[in-house]
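Peer 1: Output the structure for:
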Amino acid sequence: MKPANKRIFISFLLLLAATTEAPAQAAGSISGTVRDPHGNAIAGASAEIFARGGGMHRITTTNPEGLYHFDHLPEGAYIIQARARGFARYVTEAVRIDRGASLKVDLPLQLAGLEQQVVVTASGTPQAPEEVSKAITVIDRQAFDERDESAISEVLRTTPGLRVQQLGGPGAFTAIRIRGLRDQDTAVLIDGLRFRDPSSTQADASGLLEDLLTTNIDHIEVLRGSGSSLYGTNAIGGVINVLTDEGGGRSRGSALLEGGSLGMFHGRARFSGGTNDNRVQYSLGLAHLDVTSGLNDDPARNTSGQGRIAFRPSPGTQIVARFYGADSFTKLNISPRTIGNPPASGIIDARPLSPAELLLYENGKPLSQLAVGNATFIPSANDPDATRAARFASGALTLTGRPLAALGYTVSYQGLAINRTFGNGPAGPGLQSAGSTRSDFSGRIHTLLARFDYQPGSSTLLTGGYEFEDEYFATVSLDSLNSAAASAADVTQRSNTGFVQVQERLLDNRLEVSTAFRAQSFSLQRPRFNPAATAPYRSAVVSSSPAAYTGDGSIAWFLNQSGTKIRAHAGRGYRSPSLFERFGTGFDPDFGYFVYGDPRLRPERSIAVDGGIDQAFSARRLRTSLTYFYTRLQDVILFDPSTTFIDPFTDPFGRAGGYRNAKGGLARGVELSLLFSPGPGLDVSAAYTYTNAIERTPLIGDVLRSFITPNHQTSIVVTQRMGRRASITFDLTASSSYLAPISSPSRVFRFEGISKADLAGSYRIPCGELRAIRWFAKLSNLFNQNFYESGFRTPGITGVTGVQVEF
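Peer 2: Below is the predicted model of the structure:
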């Protein structure tokens with residue numbers, strides 16, 4: 001966004017803020033006491049209030065008498081939740097406050113029992129648990145701390161329906177698949193705003209997932225099922241919404257230091273609070289992860305920062321500025337390759353080369369002289385001069401207002417800048433370049449969003465809005481020994497989107513019905529290439545491409561007496577073609593350009609349905625959930641290296657292979673989850689997912705089964721809290737075997753399933769009413785399982801220990 005446009009946008013925000021001062025004269029208030037099961041007040045507890053129609057969220061902490069207070073509240077309906085260390089979270093039913101009224105709402109917390117959580121991702125507006133009509137999982141900060149997880153991907157491993165794959169140790173490439181679909185079918189959000197890399201092949205978040213740390217995260221919401229009608233591109237399989245700490249309440253903070261195996265050091269500092277009667281809320285988090293001797297002694301470093309400040313100029317108005325950034329570096333390994341004499345057809349059992357022979361191979365021993373035995377592949381070998389460096393910075397400015405009790409609005413701008421650099425040199429086994437090479441990838445996305453929420457009655461919420469997005473992708477390739485091999489490209493695309501959603505609460509709020517629709521059009525700019533003399537696409541018509549349309553509907557029926565919720569969800573998803581898929585090229589100084597992209601590509605389309613039952617038992621100490629899901633990829637974009645469908649004599653860009661539209665496969669299955677709190681301080685969560693993911697046409701021979709996704713996957717997390725001081729957490733993730741290619745998609749290998757267990761414990765020593773020291777330790781891969789992710793080696797058993805100071 002140009003500087004002049006930014007100034008206009010900020011002026012517009014201030015003008016809107018000024019128009020919402022009038023309701024201040026008739027503002028109301030809500031107050032109460034947060035108590036433990038014995039009726040004692042809890043000091044320092046967190047209390048949050050959400051406007052049911054969206055557009056307002058505040059946080060405060062209780063005083064020494066356990067009192068909380070929210071004033072200057074516009075007329076309307078609100079949901080309140082409270083939480084404190086050692087207690088289960090509590091969520092109220094919706095309460096309504098009239099103009100100028102004052103309400104008292106006490107918030108009782110229990111030592112045991114299943115937590116409740118206000119959810120915003122399912123509909124884009126706050127919902128109480130019984131109102132949610134989609135399959136969703138919430139993971140909060142307490143779970144991060146009890147499991148001692150520093151990476152967001154590790155936090156998500158135990159979520160039903162998710163397959164988290166990391167190709168190596170800390171800092172290695174990480175992918176997340178939902179319900180048997182592809183990496184690019186998962187949308188990632190930061191505070192409800194899309195987070196993706198326009199310079200990656202599919203313009204998704206996969207190239208950055210390994211860089212996301214739990215720096216200052218409050219909680220994560222995972223929506224399983226189509227989310228494109230609300231969140232746009234990539235949300236075919238589901239949505240991962242990372243919500244950062246919003247601050248508020250008394251000033252508080254923490255400092256953490258830990259270290260252990262693999263030469264690992266992790267430091268993190270957090271500080272948050274509020275001033276001026278909470279009209280100003282702030283939070284800040286900094287983290288640094290340094291692994292000095294990972295797999296193959298490869299280092300990995302990551303420095304991450306998050307910050308947020310919110311100002312409330314009037315009761316119904318809030319201006320929020322948020323920043324999230326990271327700077328990372330890691331050394332890379334060589335991709336696995338086939339070895340020996342595997343069968344010419346069919347599925348090959350994956351058997352790795354022995355560690356002793358692998359070391360000889362890394363030290364230069366030729367393949368022909370290795371004692372292969374019955375091995376069928378060489379695991380990821382050390383490449384001493386292959387590196388990856390990445391930086392991203394995401395900044396957002398948001399204005400929310402409620403000029404009328406029934407009307408709210410949100411106007412936001414997000415700027416996202418991403419730079420990734422890959423380097424390599426002549427060292428290492430196998431085929432290497434004669435000199436040093438470097439490839440730079442950079443992307444920029446500017447997103448402007450304007451949205452309204454209107455409640456014509458107590459049972460109806462209408463949401464609509466407009467979104468403008470400008471994305472840019474550039475790449476530079478250099479060769480230290482051949483300046484003629486240098487090349488560069490940059491491409492820009494803009495899109496305009498309109499969306500609408502209607503939510504109805506009927507039959508005394510026991511029936512929730514939601515429908516949504518979204519339309520997105522695209523405008524392409526002519527790409528620029530260097531060398532320019534023989535640049536492709538010079539005569540191509542690139543002014544526009546096919547639009548994307550999607551719809552969504554869900555319903556939930558809640559039976560209060562039996563604690564039963566029956567829900568169903570159906571929707572169409574889409575993914576807009578990436579800039580690389582539209583204009584991707586390669587360059588060789590001897591042969592010129594190799595053209596892969598097609599600006600005429602249609603968006604990917606899918607249709608998905610799921611339905612299930614959520615049931616609570618035993619005074620809500622036991623909650624089960626059963627979901628059936630089905631997703632069909634109707635139109636996909638694939639890379640076709642053959643000339644079967646792309647004829648260089650008839651293709652307008654002269655391609656002999658590249659990206660094209662095709663029909664996709666399908667995934668269906670069952671998710672079963674259980675949450676159980678059998679006694680004081682003991683929480684058990686378990687999940688099982690069966691997935692049958694197949695392709696429309698065989699990947700090889702008669703193999704229809706999709707890659708990477710196991711048929712069976714299970715997880716369990718057991719946490720025992722001893723009072724409010726000590727806790728022990730055990731978590732286990734296991735899966736059946738899966739298929740994956742090595743070296744070539746025409747050679748398919750069957751890898752053994754994964755089994756990974758972690759054990760973490762902590763002890764908290766109070767040092768006054770609001771200060772404490774927490775000691776903790778963790779063992780990862782507790783049973784020292786040796787497994788390979790698509791042929792990449794993973795760490796064995798590792799341990800860390802550390803201390804956190806809270807103030």
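Peer 1: Which residues does Ser495 form beta bridges with?
Peer 2: Glu469, Phe522 (DSSP bridges).
Peer 1: That one is in contact with Glu469, isn't it?
Peer 2: Yes. With contact defined as C-beta atoms under 8 Å, Ser495 counts as touching Glu469 (4.9 Å). Every C-beta, even on glycine, is put in place using the N, C-alpha and C of the backbone.
Peer 1: Now for Ala619, how many residues are close by?
Peer 2: By other C-beta atoms under 10 Å, the residues close to Ala619 number 11.
Peer 1: Quick check: the gap between it and Pro678.
Peer 2: Going from Ala619 to Pro678 by C-beta to C-beta, to the nearest Å gives 12 Å.
Peer 1: got it, and Ile613?
Peer 2: Counting by C-beta to C-beta, the gap from Ile613 to Pro678 is 22 Å.
Peer 1: Over to Ala406?
Peer 2: Computed as C-beta to C-beta, the Ala406 to Pro678 distance reads 45 Å.
Peer 1: Using the record's assignment, carve this structure into domains.
Peer 2: What the record gives for the chain is the domain set 3-118, 136-246+254-331+385-426+436-806, from automatic domain parsing.
Peer 1: What's the end-to-end length of the longest one?
Peer 2: Taking C-alpha to C-alpha, to the nearest Å, the span from the opening residue of domain 136-246+254-331+385-426+436-806 to its closing residue is 31 Å.
Peer 1: starting at the chain centroid, how far to that domain?
Peer 2: Remark: domain 136-246+254-331+385-426+436-806 is offset 3 Å from the chain centroid, using C-alpha atoms, centre = their mean, to the nearest Å.
Peer 1: Take the domains of the chain and write them to a markdown table, including distance to Ala375.
Peer 2: Listed next are the domains of the chain as a markdown table, based on distance: least, C-beta to C-beta, whole Å:
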| stretch | distance to Ala375 |
| --- | --- |
| domain 3-118 | 48 |
| domain 136-246+254-331+385-426+436-806 | 11 |
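Peer 1: Of all these, which one comes closest to Leu370?
Peer 2: domain 136-246+254-331+385-426+436-806 (16.1 Å; C-beta to C-beta).
Peer 1: Quick check: Arg312 touching Gln318?
Peer 2: Yes. Using C-beta under 8 Å, Arg312 makes contact with Gln318 at a distance of 4.9 Å.
Peer 1: rewinding a little: Ala406 and Pro678: which is more packed in?
Peer 2: The neighbour count for Ala406 versus Pro678, taken as other C-beta under 10 Å, is higher for Ala406 (18 against 11).
Peer 1: measure the more buried one to Gln503 for me?
Peer 2: Distance, Ala406 to Gln503, using C-beta to C-beta: 14 Å.
Peer 1: likewise Leu770?
Peer 2: 40 Å.
Peer 1: and Asn276, how many residues sit next to it?
Peer 2: 9.
Peer 1: Contacts only, for it.
Peer 2: Under the criterion of C-beta atoms under 8 Å, 6 or more residues apart in numbering, Asn276 has no contact partners.
Peer 1: Strands of the stretch 301-450 of the chain, start to end?
Peer 2: In the stretch 301-450 of the chain, the strands defined using DSSP state E, counting those that start in this stretch lie at 317-334, 337-338, 348-349, 377-378, 381-404, 407-424, 437-457.
Peer 1: what's the longest one packed up against?
Peer 2: This points to strand 381-404. helix 3-18, strand 317-334, helix 355-362, strand 407-424 (3 or more C-beta pairs under 8 Å, 6 or more residues apart in numbering; DSSP states H and E).
Peer 1: Mind doing that once more with 6 Å?
Peer 2: Counting contacts by 3 or more C-beta pairs under 6 Å, 6 or more residues apart in numbering; DSSP states H and E, strand 381-404 is packed against strand 317-334, strand 407-424.
Peer 1: With distance to Gly305, mean neighbour count and mean pLDDT as new columns, can those strands be given to me in a markdown table?
Peer 2: Output for the helices and strands packed on strand 381-404, formatted as a markdown table (distance: least, C-beta to C-beta, whole Å; neighbours: other C-beta atoms under 10 Å; pLDDT from 0 to 100):
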| stretch | distance to Gly305 | mean neighbour count | mean pLDDT |
| --- | --- | --- | --- |
| strand 317-334 | 5 | 21 | 96 |
| strand 407-424 | 14 | 20 | 96 |
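Peer 1: quick one: which of the ones you listed is nearest Arg182?
Peer 2: Arg182 lies closest to strand 407-424 among those, at 20.4 Å (C-beta to C-beta).
Peer 1: if we can go back for a sec, which one's more surrounded, Leu770 and Gln503?
Peer 2: More neighbours surround Gln503 than the other of Leu770 and Gln503, with 24 against 15 (other C-beta under 10 Å).
Peer 1: distance of that one from Val132?
Peer 2: Distance, Gln503 to Val132, by C-beta to C-beta: 11 Å.
Peer 1: Same check on Phe377?
Peer 2: Distance from Phe377 to Val132, by C-beta to C-beta: 44 Å.
Peer 1: Likewise for Ala616?
Peer 2: From Ala616 across to Val132, the span is 14 Å (C-beta to C-beta).
Peer 1: neighbour-wise, which of the two wins?
Peer 2: Between Ala616 and Val132, counted using other C-beta under 10 Å, the more crowded position is Val132 (25 against 18).
Peer 1: right, and that one touches Val120 too?
Peer 2: No. Applying C-beta atoms under 6 Å, one finds Val132 not in contact with Val120, separated by 10.1 Å.
Peer 1: if we can go back for a sec, going by mean pLDDT, which of the domains of the chain comes out lowest?
Peer 2: Mean pLDDT is lowest for domain 3-118 out of these, coming in at a mean of 80.
Peer 1: what comes up buried for the helix or strand containing Gln804?
Peer 2: Here Gln804 sits within strand 798-806, counting by DSSP states H and E. By 16 or more other C-beta atoms under 10 Å, the buried positions in strand 798-806 come out as Thr798, Val800, Gly802, Gln804, Glu806.
Peer 1: again, but for stretch 160-176
Peer 2: Result for stretch 160-176 [16+ other C-beta under 10 Å]: buried residues 160-176.
Peer 1: What does Leu107 show for phi and psi?
Peer 2: Leu107 adopts backbone torsions of phi -120, psi 100, taken as degrees, to the nearest 10.
Peer 1: Might you report the residue contacts of it?
Peer 2: Val34, Ala82, Tyr90 (C-beta atoms under 6 Å, 6 or more residues apart in numbering).
Peer 1: could you redo the last one with a cut-off of 10 Å?
Peer 2: Each residue near Leu107 by C-beta atoms under 10 Å, 6 or more residues apart in numbering is listed here: 32-35, 42, 45, 47, 62, 66, 68, 80-84, 90-92.
Peer 1: In strands only, show me the residues you listed.
Peer 2: Among the contacts of Leu107, the members falling in strands are Gly32, Thr33, Val34, Arg35, Ala47, Tyr68, Ile80, Gln81, Ala82, Arg83, Tyr90, Val91 (criterion: DSSP state E).
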